[in-house]
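In: sequence below, structure please.
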Amino acid sequence: MGTLTVTTHMTGTPATPHMNGTPATPHMMGTSTMTHTKKFQIPWQKFPVKMMTALKEKRRPQPKDRRHMIRIIMEDMMASDIRPGRSKLKQVAQQLVERYPDSFLDQCGTNIVGQGFASLVVQMENRVENVRRQYGVSTSPEGRPKKKRKSSDYYGCSNWQPVAPNGSYYEEKKKMLQDAYKENLLSEIDIKRVMSETYSAQRITLNNQDNVIRVMEEWPYLFDSTHLLDHTEKLIGFPVQTKLLNQIEEKGKTITEFLVSKGITGVTADPLNLLWGLIKYLGEEPKVLLLNQEDALGELPSTPCIIIVDEGQYKLAVDQVTFNNNISCPLVAFSCMFSLFYVLNIKYPKEAALTLEFIQRSLLGINPERGSKAEKKGAKQYNVPPKLLRFLWDLNDFKNPWKI
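Out: Numbers count the residues shown, from 1 in each chain. This next block holds a predicted model:
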């Protein structure tokens, strides 16, 4: 496809391209107030064929295709600028709208909304925030984002980065797994064995890699529920699914009765229903952790979440990438979603941090004396948030003794 650049002036209107789509007239985007010494080249040639077909046919792209496009653009941009400013993002959004107005222009009926490209700017800003929040802001000599080691990364872990001798051995095993995944060459028993043998190498990748998609490419089996949970067991020292099952059987009835007594209706001890009830009671945002299929068509959270495809069918998403589409057990979906925060070194999002910390401390018994895996909300960071302590006290008073 090549590239397109648009010249802007301090008080003039952007030059109007006339390629592949209805040209946008100057009044559609208003006037530009930006100057740029070096214009970003939109990597049209990297866009999926399906996306480019929609653009050429003057159709609105599907939300997932639009998200994919934003990821491609921001990966190229952040390779050389880890903190692109809003003016730079506006320039790129303006280029997209001017070249393909039928596909990208913000409008309500026949009315142009704002300058016509605000939604693209918001998506790009969200992508910048997601990358920086998850993977740190330092850069390698090549200028690509590189993760900083933070206390929240290894918080609650007992085997975060074991020693991994004999690099060539691990590379051979990794290549074996990659080939087996593509061609279905190994039995499940062999896959479990080799995944166990390469745990140290997996941790090296996870603790140094800056992109979930690249981790998926290097260790594709890691994102299968069985091997994800096996990895988590080595990482934190116990099987998450078994522990959750036992704790929900022991404490689920008390929790549900308490939540119902507080006006949270419809809650049961079903793992995902219980999760929803906890989120609602703690005043947090359900769609950060639990989405239905319709919600998933829009902007996905960057942090791990469960997508409810249908009754009895679930899939997972992280960093706005969906995977593991054939989960049929709600407990497995719950266990995998929680495990991803530890396996991928991701902080709890502030919109659901209390719920996740309740699961961590009260159901799974992960109770480090210091630190927190939650995003910092205010100036003061608590080891155990006061609101969570009050919840635990109320549960204790309601029926059974609870400890953290």
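In: in the stretch 151-300 of the chain, where is pLDDT below threshold?
Out: Within the stretch 151-300 of the chain, the segments meeting pLDDT under 70 span 151-154, 164-167, 210.
In: which parts of it are strands?
Out: Secondary structure of the stretch 151-300 of the chain, counting by DSSP state E, counting those that start in this stretch: strands at 290-292.
In: how many other residues sit next to I248?
Out: Counted with other Cβ atoms under 10 Å, residues neighbouring I248 total 19. For the C-beta atoms, the positions are set from N, CA and C on the backbone; glycine is no exception.
In: ok, it touching L272?
Out: No - at 11.0 Å, I248 does not count as touching L272 under the criterion of Cβ atoms under 8 Å.
In: neighbours of N126, how many?
Out: 17.
In: if you could redo that for N345, that was the one I meant.
Out: 24.
In: one more: the one 10 residues further on?
Out: Around T355 there are 25 other residues, counting by other Cβ under 10 Å.
In: does I308 count as helix, strand or coil?
Out: For I308, the assignment made with DSSP: H, G, I helix; E, B strand; the rest coil gives strand.
In: tell me who's in contact with it.
Out: L272, L290, L291, N292, Q293, Y314 (Cβ atoms under 8 Å, 6 or more residues apart in numbering).
In: which residue is the nearest non-sequential neighbour of the first one?
Out: Counting by Cβ to Cβ, 6 or more residues apart in numbering, the nearest residue to L272 once its immediate chain neighbours are dropped is P330, at 4.5 Å.
In: just checking, the one you found touches A269?
Out: No - taking contacts as Cβ under 8 Å, P330 lies outside contact range of A269: 11.1 Å.
In: buried set for stretch 304-312?
Out: By neighbour count with 16 or more other Cβ atoms under 10 Å, stretch 304-312 contains the buried residues P304, C305, I306, I307, I308, V309.
In: between those residues, which is nearest A54?
Out: Closest to A54 out of the buried residues of stretch 304-312 is I307 (23.2 Å), distances taken as Cβ to Cβ.
In: so the closest one is in contact with Q320, correct?
Out: No - taking contacts as Cβ under 8 Å, I307 lies outside contact range of Q320: 11.6 Å.
In: so for those two, which residues contact both of them?
Out: Common contacts of I307 and Q320 (Cβ under 8 Å, 6+ apart): none found.
In: got the phi and psi for the closest residue in space to I359 that isn't next to it in sequence?
Out: Distances taken as Cβ to Cβ, 6+ apart put F338 closest to I359, at 6.1 Å, once the chain neighbours are dropped. Torsion angles at F338 (phi, psi; degrees, to the nearest 10) stand at phi -60, psi -40.
In: show me the helices in the stretch 251-400 of the chain, by range?
Out: 271-281, 330-343, 353-358, 386-398 (DSSP state H, counting those that start in this stretch).
In: among those helices, which is nearest E257?
Out: The nearest among the helices of the stretch 251-400 of the chain, by Cβ to Cβ, is helix 386-398 at 7.6 Å.
In: next one: the closest one to chain centre, how far?
Out: 30 Å (Cα atoms, centre = their mean, to the nearest Å).
In: angle of it against helix 271-281?
Out: 110 degrees (axes from the mean of the first three to the mean of the last three Cα atoms, to 10 degrees).
In: which residues does helix 386-398 contact?
Out: 254-255, 257-258, 261, 281-282, 354, 357-358, 361-362, 402, 404.
In: just the buried members of those residues?
Out: So, by 16+ other Cβ under 10 Å, the buried ones in the contacts of helix 386-398 are I255, F258, Y281, L282, L354, E357, F358, R361, S362, W402.
In: just the closest of the residues you listed to Q95, please.
Out: Nearest to Q95 among the buried ones among the contacts of helix 386-398, with distances taken as Cβ to Cβ, is L354, at 41.6 Å.
In: surely the closest one is in contact with E284?
Out: Yes - counting by Cβ under 8 Å, E284 is a contact partner of L354 at 6.1 Å.
In: count of neighbours near R370?
Out: Neighbour number of R370 under other Cβ under 10 Å is 7.
In: using CSV, lay out the buried residues of stretch 304-312 together with pLDDT.
Out: Formatted as CSV, the buried residues of stretch 304-312 follow (pLDDT from 0 to 100):
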residue, pLDDT
P304, 96
C305, 97
I306, 97
I307, 96
I308, 95
V309, 93
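In: what sits closest to G312 if chain neighbours are left out?
Out: That would be S328: by Cβ to Cβ, 6+ apart, it lies 5.6 Å from G312.
In: please report how far N207 lies from F323.
Out: 20 Å (Cβ to Cβ, to the nearest Å).
In: can you pull out the helices in the stretch 101-250 of the chain?
Out: Using DSSP H, counting those that start in this stretch, helices in the stretch 101-250 of the chain cover 101-104, 118-135, 151-154, 167-183, 188-197, 199-208, 212-218, 225-236, 240-261.
In: from the contact counts, what lies against the longest one?
Out: Contacts defined by 3 or more Cβ pairs under 8 Å, 6 or more residues apart in numbering; DSSP states H and E place helix 240-261 against helix 225-236, helix 271-281, helix 330-343, helix 386-398.
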